[in-house]
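>>> Have a look at this prediction, sequence included:
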Amino acid sequence: MKPYVILNAAMTLDGKIVTAKNSSNISGEEDLKRVHELRKNVDAIMVGIGTVLADDPRLTVHKVDANPEDNPVRVVVDSKCRTPIAARITNKDAKTIIAAANEFKYDFLVSDRCNVFKQRGVEFFFSGDTRVDLTALMDYLASQGIETLMLEGGATLNFAMIKEGLIDEIRICIAPKVVGGVNAKTLFDGEGFDTMDEGVNLELTDSFSLGKDLILTYKVLK
């Protein structure tokens, strides 16, 4: 049992989700509202520690009409327990779960930083040896009543999730721009697959224009 996982992201026509200098303001205002409507309608939203360190996101619903109870549970995949004490994702605006690996469990749980997080109501889930076991994490989130999860991961987490067969749907905003850059991250990075035959197949289920952008929805075929 696991949540229904929707990967949502914006990228340029050449597949970049950030530039080499970490600029990520890709989509237009209409798409940002679409994203926040999606946040409003899911039970949880998940990012990796790279996103937290680079963007310091709140991961709350604030670009559309919403009440505090509309904010989804926020999940951070943070194997080495690097979430900063000042990270906005650990505030009291919504429930937060930090998922980490067992190797770092003891030192983190006895740290002053962990005590501060606990005072804010942050919860913790440990699995895997040196990296979070994503399948175990999905099982845990389902046990907590989370039925739908929005993945706003970075390139590495996105690939790890799809490699494990944990993504059900992909919603992509394609902006009409090209930025290039060999060091600019794409939608899926990680180690990648060795052959095309190993790649994950998708089925296009919806497409429409939104302002200057193009929105595509794919079902992940398993």
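Yes, it's here. Model, not experiment: these values are computed from the prediction.
>>> Please make it C-alpha for all contacts and neighbour counts, starting now.
Will do.
>>> where exactly do the strands run in this protein?
For the chain, the strands defined by DSSP state E cover 4-12, 44-48, 73-77, 96-100, 123-126, 148-151, 169-175, 202-210, 213-220.
>>> Mind checking the pLDDT average for the first one?
Throughout strand 4-12, pLDDT has a mean value of 98.
>>> Can you give the strand pairings for it, parallel or anti for each?
Here strand 4-12 is paired, per DSSP bridges, with strand 148-151 (parallel), strand 169-175 (parallel).
>>> Over to the third one?
Based on DSSP bridges, the strands next to strand 73-77 in the sheet, each with its direction, are strand 44-48 (parallel), strand 96-100 (parallel).
>>> how far does stretch 60-72 sit from the chain's center?
17 Å (C-alpha atoms, centre = their mean, to the nearest Å).
>>> C-alpha coordinates for that stretch, CSV please?
Provided in CSV are the C-alpha atoms of stretch 60-72 (Å, rounded to 0.1, in the frame of the first residue of the first chain):
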residue,chain,number,x,y,z
THR,A,60,2.2,25.7,1.7
VAL,A,61,-0.8,26.8,-0.3
HIS,A,62,-0.6,30.6,-0.7
LYS,A,63,-1.2,31.6,-4.4
VAL,A,64,-4.9,30.6,-4.3
ASP,A,65,-7.7,30.9,-1.8
ALA,A,66,-7.0,28.5,1.0
ASN,A,67,-7.4,27.9,4.7
PRO,A,68,-4.6,26.7,7.0
GLU,A,69,-6.0,23.2,7.0
ASP,A,70,-5.6,23.0,3.2
ASN,A,71,-1.8,22.9,3.6
PRO,A,72,-0.5,19.4,2.9
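>>> in it, what counts as buried?
In terms of neighbour count (16 or more other C-alpha atoms under 10 Å), stretch 60-72 has its buried residues at 60, 61, 62, 70, 71, 72.
>>> on that earlier part again, nearest approach to residue 55 belongs to which of the strands paired with strand 73-77?
With distances scored as C-alpha to C-alpha, the stretch of the strands paired with strand 73-77 nearest to residue 55 is strand 44-48 (10.9 Å).
>>> what about the longest helix in this protein?
helix 29-40 (DSSP state H).
>>> what angle do that one and strand 213-220 make?
Here helix 29-40 points in a direction 30 degrees away from that of strand 213-220 (axes from the mean of the first three to the mean of the last three C-alpha atoms, to 10 degrees).
>>> what's in contact with helix 29-40?
Residues outside helix 29-40 that contact it (C-alpha atoms under 8 Å, 6 or more residues apart in numbering) are 8, 45, 60-64, 66, 70-72, 150, 173, 210-211, 213.
>>> shouldn't residue 186 be in contact with residue 153?
No - judged on C-alpha atoms under 8 Å, residue 186 makes no contact with residue 153 at a distance of 11.5 Å.
>>> If you drop the residues flanking it in sequence, what lies closest to residue 214?
The shortest distance from residue 214 to any non-neighbouring residue, by C-alpha to C-alpha, 6 or more residues apart in numbering, is to residue 174 (5.1 Å).
>>> what about the one you found, how many residues close to it?
The local packing of residue 174 (other C-alpha atoms under 10 Å) involves 25 other residues.
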